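>>> Just the structure for this:
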Amino acid sequence: MFSSRLDFDLSQNRLSRLLAGLRAAGAGVLDLTESNPTRAGFSYPDTEILNSLAGPGSLIYSPEPAGSLVAREAIAAWYAARGLRVKADSMVLTTSTSESYAYILKLLADPGGEILVPRPSYPLFEYLAALESVRIVSYPLIYTGEWSIDFQALDHAASERARAVILVNPNNPTGSFLKQHELEKLIPFARSHGLAVVSDEVFADYSFSSGGHRVASLVEVKDVLTFCLSGLSKVSGLPQMKLGWMTVSGPAAPRREAMRRLEWIADTYLSVSTPVQHAAPSLLAAGESVRGQIRKRSGTNLELLRTAVKGTPCHLLHAEGGWYATLQVPRTRTEEEWALDLLRKRSVLVQPGYFFDFESEAFLVLSLLTPEDVFREGVQRIVSEVER
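The predicted structure is shown next:
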């Protein structure tokens, strides 16, 4: 009766069941997985945000498939402030990065087509691809003190059905940026295989330090069809505002054709709300203070974690940006057992590495958005359990 595209195991995993039981019993849990900035205790410019949604323009429906020019020009100015040149007419607005992916998969791939995605990475790709009847093929990131693309494995993964290679820059959860020398390999690889490049840059504003030949953005790539994704969810810490965008760059002819077809797709849905488009300039400006708070907390928590695990059996993997930290713990238990034991015995919630497709055991992923007092206590309990 139902589509096979949804043939996933929809039951709760063991960690979710244990958490639900503890919360139902009223047990206190130190949650080190919080990824929603609106629930992480940050201070928002409430008046400015609410006033930005109350303008008279919000009452007039003037649908534009690519999104309102006011919003696109505001986003172009946001890029310009970062030294990046993006034209408003090379941009399409969506409700979220997830919807941007859906549009791109519709644009590039027929049912049965393939997209190349990094591993480890965000676990949503499998579901987004399945909903478009597209298959994901993963390529590994390798860790040698820092993360890098395994180009030999990437080349092996690219079959004749492949249509795009996806990057997450910086990656979630590894926190690794694409490096300039990797970009210099990636572009000819994509061109030789006839692939588009999709760069998810939602965490690009959250670097822990500068330098290292990092590629801040791919919005100015000219040699291959390239889509760069971002949105208010991370840029301004406003996931509830539901405004994302993609920029389209590359050779003139395929870029123009991609824009033409994307506008047709967007016109079919017209999903972006009018109020948030009118409010976009103000919401981008309001995000500056939120970004500062997130950067400060993430940096503080990362340093706290680095200090806490020094000299213990825990090992903190190198991260360059984002909202997450990855902790390697002894393989005396599986990742799932570590996560279950930490929740059951220490009342600490973390995510096991297999949620993000880590290839080996045993890794735990912690959110650096966690309020500092909760994070400090949770890390102490983790270290105590590991040392025990």
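
>>> what about K345, how many residues close to it?
By other CB atoms under 10 Å, 12 other residues sit near K345. To be clear about C-beta, it is placed using only N, CA and C from the backbone, and glycine gets the same treatment.

>>> Report the secondary structure state of the closest residue to it other than its chain neighbours.
Distances taken as CB to CB, 6 or more residues apart in numbering put E385 closest to K345, at 6.6 Å, once the chain neighbours are dropped. Secondary structure for E385, judged by DSSP: H, G, I helix; E, B strand; the rest coil, is helix.

>>> Based on its surroundings, how many neighbours for E385?
By the criterion of other CB under 10 Å, E385 has 15 neighbours.

>>> now swap in I382 and tell me
So I382, with other CB under 10 Å, has 26 neighbours.

>>> Need the pLDDT of it.
Here, the pLDDT recorded for I382 equals 98.

>>> what's the helix or strand for S298?
Following DSSP states H and E, the helix or strand that holds S298 is helix 274-309.

>>> Please list all residues in contact with the residue nearest to K345.
341-342, 345-346 (CB atoms under 8 Å, 6 or more residues apart in numbering).

>>> who wins for neighbours among the residues you listed?
Busiest of those [other CB under 10 Å] is L342, holding 24 neighbours.

>>> isn't that residue right next to I382, touching?
Yes. Judged on CB atoms under 8 Å, L342 makes contact with I382 at a distance of 6.2 Å.

>>> Need the overlap of contacts for those two.
By CB under 8 Å, 6+ apart, the residues touching both L342 and I382 are 348, 350, 364.

>>> just to revisit the earlier point, how near is the residue nearest to K345 to L343?
11 Å (CB to CB, to the nearest Å).

>>> is it true that I382 lies in a strand?
No. Membership of I382 in a strand is not supported by three-state DSSP, which gives helix.

>>> next one: the one helix or strand R163 maps to to chain centre, how far?
Using DSSP H and E, R163 maps to strand 162-168. Chain-centre distance of strand 162-168: 14 Å, with CA atoms, centre = their mean, to the nearest Å.

>>> so what strands line up beside that strand?
Using DSSP bridges, strand 162-168 pairs in its sheet with strand 114-119 (parallel), strand 196-200 (parallel).

>>> what comes into contact with the very next helix or strand once past the last one?
The C-terminal neighbour of strand 196-200 among helices and strands, as given by DSSP H and E, is strand 226-231. Under the criterion CB under 8 Å, 6+ apart, residues 94, 96-97, 100-101, 104, 196-202, 204, 217-219, 243-250, 258 lie in contact with strand 226-231.

>>> rerun at 7 Å
For strand 226-231, the external contacting residues (CB atoms under 7 Å, 6 or more residues apart in numbering) are 96-97, 100, 104, 196-202, 217-219, 243-250.

>>> swap in stretch 161-171?
The set of residues external to stretch 161-171 that reach it, using CB under 7 Å, 6+ apart, is 108-109, 112-118, 121-122, 137, 141, 147, 176-178, 190, 193, 195-201, 203-204, 215, 320-322.

>>> cool, stretch 117-134 as well?
Residues contacting stretch 117-134 (CB under 7 Å, 6+ apart): 5, 98, 101-102, 105-106, 109, 111-115, 135-136, 138-141, 166-168, 171-174, 355-359.

>>> Check those for burial and list the buried ones.
Buried members of the contacts of stretch 117-134, scored by 16 or more other CB atoms under 10 Å, are 98, 101-102, 105-106, 109, 113-115, 135-136, 138-141, 166-168, 171-174, 355-358.

>>> on that earlier part again, let's test this: mean pLDDT of the helix holding S298, rounded?
97.

>>> again, but for stretch 185-201
98.

>>> Pull out the buried positions in it.
For stretch 185-201, the neighbour count (16+ other CB under 10 Å) marks 186-187, 189-190, 193, 195-201 as buried.

>>> Off-centre distance for that stretch?
That offset, for stretch 185-201, works out to 19 Å (CA atoms, centre = their mean).

>>> same deal with stretch 268-288?
The chain centre lies 19 Å from the centre of stretch 268-288; the measure is CA atoms, centre = their mean.

>>> could you dump that stretch to CSV, C-alpha only?
Output in CSV follows, covering the C-alpha atoms of stretch 268-288 (Å, rounded to 0.1, in the frame of the first residue of the first chain):
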residue,chain,number,x,y,z
THR,A,268,6.0,24.0,-8.7
TYR,A,269,6.2,24.3,-4.9
LEU,A,270,6.6,28.0,-4.0
SER,A,271,7.3,26.9,-0.5
VAL,A,272,9.2,29.8,1.0
SER,A,273,7.0,32.1,3.1
THR,A,274,6.6,35.8,2.2
PRO,A,275,7.2,37.1,5.8
VAL,A,276,10.6,35.4,6.2
GLN,A,277,11.7,36.7,2.7
HIS,A,278,10.8,40.3,3.6
ALA,A,279,12.5,39.8,7.0
ALA,A,280,15.7,38.3,5.5
PRO,A,281,17.9,41.4,5.7
SER,A,282,17.0,42.0,9.3
LEU,A,283,17.3,38.3,10.2
LEU,A,284,20.8,38.1,8.7
ALA,A,285,21.8,41.2,10.7
ALA,A,286,20.3,39.9,13.9
GLY,A,287,22.2,36.7,13.5
GLU,A,288,25.5,38.5,14.1
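
>>> With only the CA atoms kept, save the longest strand anywhere in the chain in CSV.
Ranked by residue count and defined by DSSP state E, the top strand of the chain is strand 135-143. Extracted as CSV, the C-alpha positions of strand 135-143 are listed here (Å, rounded to 0.1, in the frame of the first residue of the first chain):
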residue,chain,number,x,y,z
ARG,A,135,21.1,5.9,-4.4
ILE,A,136,23.9,7.2,-2.2
VAL,A,137,27.4,5.9,-2.6
SER,A,138,29.8,6.9,0.1
TYR,A,139,33.4,7.9,-0.2
PRO,A,140,35.6,7.9,3.0
LEU,A,141,37.3,10.7,4.8
ILE,A,142,40.5,9.4,6.3
TYR,A,143,42.0,10.6,9.6
